[in-house]
Every structure is written in C-alpha cells, then in structure tokens.
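In: what follows is a predicted structure for the sequence shown.
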Amino acid sequence: MIRQLSVCLLLYFLVFVNQIVVHSYILHASVRNRARNAVDGELVNALDYLFRTMAVIVSCHLVNITMWAIVFLVIGVTEDFEMSFYVSITNYTTLGTGDVVLPKQWNLLAPFEALCGIIMFAWSISFFYSIHQYIMTKRLDLGKIN
C-alpha cells in the first residue's frame, strides 16, 4: 500500500508540475500584448479577446487531460489512447461515471487527477475573472462604458 501510494504521488507531482508549467506558459503567452486592444478598442474587441481567452483556457485543460491520458497509456491502465483519454476526462472533470474502473494498483490516480483538475479549473476561473475585471475597469476609467 505504501509503495502504491508513493508511486501514485510521484506520478501526480510529475504531471501536476508539468501542467502548471504548460498552463502558465500558454496563459501568459495568450494575454501578453493583447489586452491593450481590448481596453482601447470597441466593445467587440473586448468580447473577442474574452472569447479567445476562454478558448485558450479550454485548450490548456485539453492539454492537461491529454497529459494524464498519456500517463494512463504508458503505465498500462488502458489499452488504447481513446480509452485513456476518456478515463482521463472523466477523472479530471470529476465526472467519475464509474463505467471504467482503474486496476487496483492504480486506483489512487483517479482522485489525484480529480484534485489536479479542480485546482486547474479554479486557477482558470480566477484567471479569466481577473482578465475580465481588468478590461472592464480600464474601459470604465477611459469612459468606454456608460
């Protein structure tokens, strides 16, 4: 049991650190130098920017889910990538349908991935809210919002 927990925790931290790096890089790259047009331009530019930001956030989560799917495939939890992706997306989103059960030696990975998903969703929501608030506050200061 201790060995299983140790291996699962090691995999969790390796994937989680990679997810933080990827999430940070992609989100930073998506907002750099683009917010000014959303603030100074028309409302359509601000909405377009917010929709693009949301698309980037969803893409980040798909990358994170894919990372977990690759882990499941490599350690032999599933036989093909499609099933690994399905298992990963149900765990990451905390949906947990229960139709696919992980082998006993890897059953701790599901809650670890769910925890990872909750943290990354919370980060994404707070990131999106801060971008939205920044744009709306700046537009209000510039008199673009009545």
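Out: Cool, got the structure.
In: distance check, V31 against R52.
Out: 10 Å (C-beta to C-beta, to the nearest Å). Bear in mind the C-beta positions are built from the backbone N, C-alpha and C, glycine included.
In: kindly report the same for L62.
Out: Between L62 and R52 the computed distance is 15 Å (C-beta to C-beta).
In: mind checking which helix or strand of this structure has the lowest mean pLDDT?
Out: helix 35-40 (a mean of 70; mean pLDDT, DSSP states H and E).
In: V31 and R52: who's more crowded?
Out: Between V31 and R52, counted using other C-beta atoms under 10 Å, V31 has the larger neighbour count: 18 against 14.
In: grab the most central residue of this protein for me.
Out: Geometric centre of the chain, nearest residue: H61, 3.1 Å, by C-alpha atoms, centre = their mean.
In: now that one, nearest residue through space, not along the chain?
Out: Sequence neighbours aside, M120 is the residue nearest to H61 in space, at 6.6 Å (criterion: C-beta to C-beta, 6 or more residues apart in numbering).
In: and what of T90?
Out: T97 (5.3 Å).
In: next, count neighbours for that neighbour.
Out: 9.
In: same question, Y92
Out: Neighbours around Y92, by other C-beta under 10 Å: 26.
In: please tell me how far the nearest residue to it once chain neighbours are set aside sits from G98.
Out: Using C-beta to C-beta, 6+ apart and skipping residues adjacent in sequence, the residue nearest Y92 is G117, 3.8 Å away. Per C-beta to C-beta, G117 is found 17 Å from G98.
In: ok, now S126?
Out: The value you get for S126 to G98, if C-beta to C-beta is used, is 30 Å.
In: more neighbours: which of these two?
Out: Just comparing S126 and G98: by other C-beta under 10 Å the higher neighbour count belongs to S126, 10 against 7.
In: report the buried residues of the helix or strand hosting the more buried one.
Out: Following DSSP states H and E, one finds S126 within helix 109-141. By 16 or more other C-beta atoms under 10 Å, the buried positions in helix 109-141 come out as 109-110, 112-114, 116-117, 120-121, 123-124, 127-128, 131-132, 135-136, 138-139.
In: fine, thanks again, bye for now.
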